[in-house]
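Chemist: got a predicted model here, sequence first, then my questions.
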Amino acid sequence: MNPRDLLDQLLHPYESFTALRTEFGPVSYNERGKFWEVFGYDDVLELASDYETFSSDGSPFAEYPEEMTKGQSVLTTDPPRHRQLRSLVSQAFTPRAIASMAPRIAEITNDLLDQVTRQGKMDVIADFSYPLPVIVIAEMLGVPSEDRARFKHWSDQMVVSEYEDLSRDNVEEYNKRVRTIMRQTLDELYDYFRQVLAERRLRPQHDLVSALLAAQIEGESLFEQGILAFCSLLLVAGNITTTNLIGNALLCFDEHPEVMEQLHARPELIPQAIEEVLRYRPPALLVGRYATRPVEIHGCKISTGESIIGWLASANFDPAQFPDPQRFDIGRAPNRHLGFGHGIHFCLGAPLARLETKIALSILLERFEHIRRERLQPIETIRSVFIMGPRHLPVTFQVR
Ligand code: HEM
């Protein structure tokens, strides 16, 4: 995948992800990457749902850093461990806990917009959609939001392959470099959070780290490695995705000025517009699993331990599930997109991401009008094979 293909995906998601499905689908083996790929809605749904056949735990099969695999993070475990971990960490994500964050999210949103109001223009990413979720998660975890430049660096290192060309010409070399970078990043992240944990043990606060230290389920508390893994996951998984959801939403609205007008007039439609953005320009493009037994999909024989990628972005354009998939239609109902995954690993942070994005877009549209992308500046995409969004999104606007 080279950066031009990535830009094409961002600018023409329907064409790009439909082409993947029609050219390679329904199942194909990626010789260079040495993994299988599935593209259709039903197959991706099955991959995400059948955790007995398709495991999220790569540790027996893949050479990733131990912390990412060894039964410590919800994302990389299967039941029963997954169930235990998920119920421990979901205590912080109850609907009440999330709803109670709304006033603070609105306050941060207004503060960020105050800083750009006079200039009549901003880079949506740098000035708005990046700082918002980082500040929210930093406050949730109880770590200083001034450390956000470091958070950004760590998130980028984990998911955004800025460090090299993404071509798969030399996959082994590429994988080796990715692993080295992940190793370094995790060491830094864990050192950082180890210090935070030590402080909270001495002086508990009203924050997520203190709650995780105190949390117990079935008599079991989260061991230090588990908390470190979860905090690092939140910092990485929760930030760049939400940044991109806001960025991708504005890109969609800019392409459809009639939708922007409609949302100005009827802000109550913003939540359903967000769902359509999650279908049409999903920030997370794929999920990965490992076959736990020999399995056959559409006649293709997959062996135990082989890795399988499910393309959420292609599934979201499957015409068998979404009539007129090429249409960006905020009235689409039902809209069972796979933007947050599916099954037991369905995104834990979805309610928070939805709330942040709803508040961000509502306040933005309430305060500013004639929000237009600056056409003279070319769009750049972030360079990642599994996350999609603009790297910069310069816009001009007028104050309402
Ligand atoms: C899982 C997408 C925001 C925390 C997932 C998965 C997807 C996803 C597709 C499923 C992965 C899989 O099945 O292997 C997104 C998108 C977001 C977003 C598109 C924003 C628009 C967040 C936020 C948080 C978060 C804000 C936390 C603050 C998690 C966690 C998991 C997860 C902990 C693992 C759940 C489990 O394995 O049980 N996310 N996410 N995400 N997400 Fe998100």
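Modeler: Ah, there it is. This structure is a prediction, so every number in the text was calculated from the model and none was measured.

Chemist: all contacts plus neighbour counts: C-alpha atoms, from now on.
Modeler: Fine.

Chemist: any idea which helix or strand comes after the helix or strand bottoming out on mean pLDDT in the chain?
Modeler: Across the helices and strands of the chain, mean pLDDT, DSSP states H and E gives its lowest value to helix 66-69, namely a mean of 52. Remark: after helix 66-69, the chain's next helix or strand is helix 81-89, criterion DSSP states H and E.

Chemist: moving C-terminal from that following helix, which element do we reach first?
Modeler: helix 95-99.

Chemist: for that next one, which outside residues touch it?
Modeler: Under the contact criterion CA atoms under 8 Å, 6 or more residues apart in numbering, helix 95-99 has outside partners 351-352, 355.

Chemist: with stretch 318-338 instead?
Modeler: Residues contacting stretch 318-338 (CA under 8 Å, 6+ apart): 14, 18, 40-41, 252, 259, 269, 272-273, 275-280, 312-313, 315-317.

Chemist: now stretch 35-47
Modeler: Applying CA under 8 Å, 6+ apart, the contact partners of stretch 35-47 are 20-21, 25-30, 54, 289, 302, 306-312, 314-316, 318, 320-321, 342.

Chemist: just the ones of the residues you listed in strands?
Modeler: In strands, defined here by DSSP state E, the members of the contacts of stretch 35-47 are 27-30, 54, 289, 302, 307-311.

Chemist: how far away from the center of its chain is stretch 371-378?
Modeler: Relative to the mean C-alpha coordinate of its chain, stretch 371-378 is positioned 25 Å out (CA atoms, centre = their mean, to the nearest Å).

Chemist: pull out the buried positions in that stretch.
Modeler: Judged by neighbour count (16 or more other CA atoms under 10 Å), stretch 371-378 contains these buried residues: 371-373.

Chemist: start to end distance for that stretch?
Modeler: Start-to-end span of stretch 371-378 (CA to CA, to the nearest Å) is 17 Å.

Chemist: so which of the contacts of helix 95-99 also contact the ligand?
Modeler: For the ligand, the contacts drawn from these by CA under 6 Å from any ligand atom are residue 352.

Chemist: in helices, which of the contacts of helix 95-99 fall?
Modeler: Secondary structure assignment by DSSP state H places 351-352, 355 of those in helices.

Chemist: ok, and the most crowded of these?
Modeler: Neighbour counts for the ones in helices among the contacts of helix 95-99, by other CA atoms under 10 Å, peak at residue 352, which reaches 24 neighbours.

Chemist: which SS class is residue 369?
Modeler: Of the three states, residue 369 takes strand under DSSP: H, G, I helix; E, B strand; the rest coil.

Chemist: so which of the contacts of stretch 318-338 reach the ligand?
Modeler: Of those, not one also sits near the ligand (CA under 6 Å from any ligand atom).

Chemist: filter these to the buried ones?
Modeler: 14, 18, 40-41, 252, 259, 269, 272-273, 275-280, 312-313, 315-317.

Chemist: show the buried residues in the contacts of stretch 35-47.
Modeler: Burial by neighbour count, judged by 16+ other CA under 10 Å, picks out 20-21, 25-29, 54, 289, 302, 306-312, 314-316, 318, 321, 342 from these.

Chemist: neighbours around the nearest residue to residue 143 once chain neighbours are set aside, how many?
Modeler: Spatial nearest neighbour of residue 143, chain neighbours left out: residue 196 (7.5 Å); criterion: CA to CA, 6 or more residues apart in numbering. As a burial measure, residue 196 scores 17 neighbours (other CA under 10 Å).
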